[in-house]
Structures are given as structure tokens and as C-alpha cells.
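Enquirer: I would like to see how this sequence folds:
(one chain, ligands or ions: 1)
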Amino acid sequence: MSKKILVIGASGQIGTELVEGLRDRFGAEDVVASDIKEPQVRQSGPFALVNAMDRRGIERVIDKHGISEVYLLAALLSATAEKDPAFAWKLNMESILIILELAREGKLRKVYWPSSIAVFGPTTPKDKTPQHTTTEPSTVYGISKLAGEGWCKYYHQRYGVDVRSIRYPGLIGWKSAPGGGTTDYAVHIFHEAIKKGAYTSFLGPESTLPMMYMPDAIRATIDLMEAPVEQVKERGSYNLAGLSFSPEQIAAEVARHIPGFKMAYAPDERQAYADSWPRSIDDSAARADWGWKPQYDLTAMVDDMMAHLRTKLKAS
Ligand code: AKB
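Expert: Got it, this is the predicted structure:
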């Protein structure tokens, strides 16, 4: 059966790279990118302007392009969500409910929706956090992701909707800018190190968090969506681990590439969000169910980021 994919929130940090990954795998014409603003960069395939809270608009795009699968990425992340909790709740909840309803009505065959390590909170075990454990998030972003997981599970159990999800850790990539997360420092550090030889982290030196290099995250996302249905046993969201490191550990790796690199620390309100999240994740369910295995460790990720970002920044 042929598939036509719609990515909602395609201009964001994950969307930019996911659209590329999906187009490489399934062909440019079969992947429609969409966002609320016209993209700044030239598109390699179809693009639609659509708001993730506009059910009618989304339906029009689905009908026009014969869409069978949606990847819904539009959301406010942890730090931005805390600035406007009511809007964060509205966007993060309305968008997933619209897509789940469209799937329930038979207009979509499959749905992807990202959750986050932010579903965990201060009462969750911090190391090797299990797939099923205490989830008492303390951020509005985490609360919305936890509720979204509940809705995904409900629509799967009650209506048979084929919805799949990953709890992303902090994501690091060179192709696109991060937008409003607590883990964004791990991307900013590369830009500032190359441009200025120095970076001031908004998280303290020892704030260890689960992270992942974007190529691993994109591969995981598409692999989960392509896994045979009987292998997808978690219908809330899958724990996924890549690497775990602290600001001082990544600073030491960056310094291998930028001699004399200076790291300073000025923790702000994001420190509290980071402190409420796990240090590392147990992803044995994803490994056992659909064969997940990360490829990048900290050194490999930093080497690859440095090489690509240096070239990109030189060219710009
Ligand atoms: C954030 O920092 O808000 C996100 C996340 C962990 O989901 N990167």
C-alpha cells in the first residue's frame, strides 16, 4: 500500500531533519512538510501552510495530498511552555487530539507523536529510569506530554488507532536550531565555541541529562514507524536512550577541538526543570520490541557535530 506522509511542525529542530530523513527513504514527493510559517530555506518537496490547531486546515491538506501518515511535531518545549502555560497546554493537547480523532475516523493509517523525558519528575528514579515508573512531572510541558501519552494509549486501546511514540531525551544536531528547551545548551555550546571560543551554560556543571545525537533520533523515529505492528507493544511512549552527560563533560570534549575553550556557568530557571528529570534512561523495551540501538557515544557525537558545524558556519 502506498504511503503519503504529512509532517506537522516541519520547520522545527526535529522536523527539519525528519523531513529530510523521510524524503531520503520514501521519496521527496511523498512527504509533505507543513508549518505555520513559510520556510526560510528552499524546500526539496511539497510544503503546506497549516496550523496544528486548525482541524479543517489539516483535513484539507490530508485530502489534497492523499495523506496516510502524520508525524505531529508542533509543540511548545519546556522553557517556552513555562512562559505561557495556558497556551502550551492548548497547543500541545489540541493538536494531538485533532490527529487522534482524524485517525479514529479512518482518515489516517498511522500517527507519530513525540513524548519526552519531561514526563518524569522529582519522584522518578534518576538513574536508568525504567519504562514504567513514577511519572509526576513538575513542568507544564511534562504534564502535557504525560497527558498526550495517556490519550495515545486510550485511542489505541479503545479505537485501534495505530499511534507510535518515543520519549525523546535532549536532542543535538547541527542542521537546525533548537527552540525553547532545557537541553538546548548542548547545541548552543558548539555554536559559541566555534564563534567565540567560550560559552556560558544556563545549567550548572554537574547537571547530567539523557541526550541523543539527531541522526540516532531520526533513525529511531522512522524505524519505530516502520516496525511491524505486532512489535509495537508500548502505546503510551517508548523510553529511548542515547548518551548521558553533564555540561562539564561536554565542555571537556569540545575543548579537544577548540584549544583554550572557556566554559562558565550561570544557572537560571531551567536548572530546576533539569533537576527534575532523570540522569539516564533504561530503554530495554525499545531494544527488545523493535531492535533499537544507538550508534553515537559522546566522543563520536562531538567529533561529528564539530566537523559539520564548522563547515556550515564557514559557508554562512
Ligand atoms: C526540552 O528540553 O524541553 C526538550 C525535551 C527534553 O523534551 N529538549
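
Enquirer: CA only for contacts and neighbour counts going forward, please
Expert: Noted.

Enquirer: Phi and psi next, for the residue of the chain positioned farthest from its centre.
Expert: Among residues of the chain, the one most distant from the C-alpha centroid is G260; the distance is 32.3 Å, by CA atoms, centre = their mean. Per-residue torsions, G260: phi 80, psi 0 (degrees, to the nearest 10).

Enquirer: Look up the closest residue to it, ignoring the ones flanking it.
Expert: Leaving out its chain neighbours, the residue that sits closest to G260 by CA to CA, 6 or more residues apart in numbering is G197, at 7.2 Å.

Enquirer: hmm, who's touching stretch 129-142?
Expert: In this structure, residues lying in contact with stretch 129-142 by CA atoms under 8 Å, 6 or more residues apart in numbering are 76-78, 81-82, 85, 88-89, 116-125, 143, 146, 238-239, 273, 276, 278, 280-283, 285.

Enquirer: can you confirm E101 is in a strand?
Expert: No - counting by DSSP: H, G, I helix; E, B strand; the rest coil, E101 is located in no strand; its state is helix.

Enquirer: For it, give me the pLDDT.
Expert: Model confidence at E101, given as pLDDT, is 98.

Enquirer: domain parsing for the protein?
Expert: 5-169, 171-211+242-315 (automatic domain parsing).

Enquirer: mind giving me JSON lines with those domains and columns for distance to the ligand?
Expert: Shown next, in JSON lines, are the domains of the chain (distance: least, CA to the nearest ligand atom, whole Å):
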{"stretch": "domain 5-169", "distance to the ligand": "4"}
{"stretch": "domain 171-211+242-315", "distance to the ligand": "3"}
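
Enquirer: most neighbours per residue, which of those?
Expert: Highest mean neighbour count among those (mean count of other CA atoms under 10 Å): domain 5-169, with a mean of 20.

Enquirer: Report how far apart the opening and closing residues of that domain are.
Expert: 24 Å (CA to CA, to the nearest Å).

Enquirer: Could I get the full set of helices for the chain?
Expert: Under the criterion DSSP state H, helices of the chain are mapped to 13-26, 55-65, 78-83, 85-104, 140-159, 185-196, 214-226, 247-257, 270-275, 284-290, 298-315.

Enquirer: what would those look like in TSV with distance to S165?
Expert: Converted to TSV, the helices of the chain look like this (distance: least, CA to CA, whole Å):
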stretch	distance to S165
helix 13-26	14
helix 55-65	20
helix 78-83	18
helix 85-104	12
helix 140-159	8
helix 185-196	23
helix 214-226	8
helix 247-257	28
helix 270-275	22
helix 284-290	11
helix 298-315	24
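
Enquirer: Which of those sits closest to P169?
Expert: The closest of those to P169 is helix 214-226. By CA to CA, the value is 9.1 Å.

Enquirer: elements contacting that closest one?
Expert: helix 13-26, strand 170-172 (3 or more CA pairs under 8 Å, 6 or more residues apart in numbering; DSSP states H and E).

Enquirer: and the longest one, what does it pack onto?
Expert: This means helix 13-26. Against helix 13-26 (3+ CA pairs under 8 Å, 6+ apart) you get strand 5-8, strand 31-35, helix 214-226.

Enquirer: Swap in 7 Å and give it another go.
Expert: strand 31-35 (3 or more CA pairs under 7 Å, 6 or more residues apart in numbering; DSSP states H and E).

Enquirer: and the angle from the strand it packs on to helix 13-26?
Expert: Angle, strand 31-35 to helix 13-26, by axes from the mean of the first three to the mean of the last three CA atoms, to 10 degrees: 170 degrees.

Enquirer: helices and strands around strand 31-35, which ones?
Expert: If you count contacts as 3+ CA pairs under 7 Å, 6+ apart, strand 31-35 packs onto strand 5-8, helix 13-26, strand 47-49.

Enquirer: strands paired with that strand, and their directions?
Expert: strand 5-8 (parallel), strand 47-49 (parallel) (DSSP bridges).

Enquirer: Pull the distance from that strand to the chain's centre.
Expert: Computed by CA atoms, centre = their mean, to the nearest Å, the chain-centroid distance of strand 31-35 equals 16 Å.

Enquirer: what's the angle between that strand and helix 55-65?
Expert: Using the same axes, to 10 degrees, strand 31-35 lies at 160 degrees relative to helix 55-65.

Enquirer: In this structure the residue nearest to G260 contacts M263, no?
Expert: No - applying CA atoms under 7 Å, one finds G197 not in contact with M263, separated by 8.8 Å.

Enquirer: anything in contact with each of the two?
Expert: When contacts are counted by CA atoms under 7 Å, 6 or more residues apart in numbering, G197 and M263 have no shared neighbour.

Enquirer: Fine by me, we can end here.
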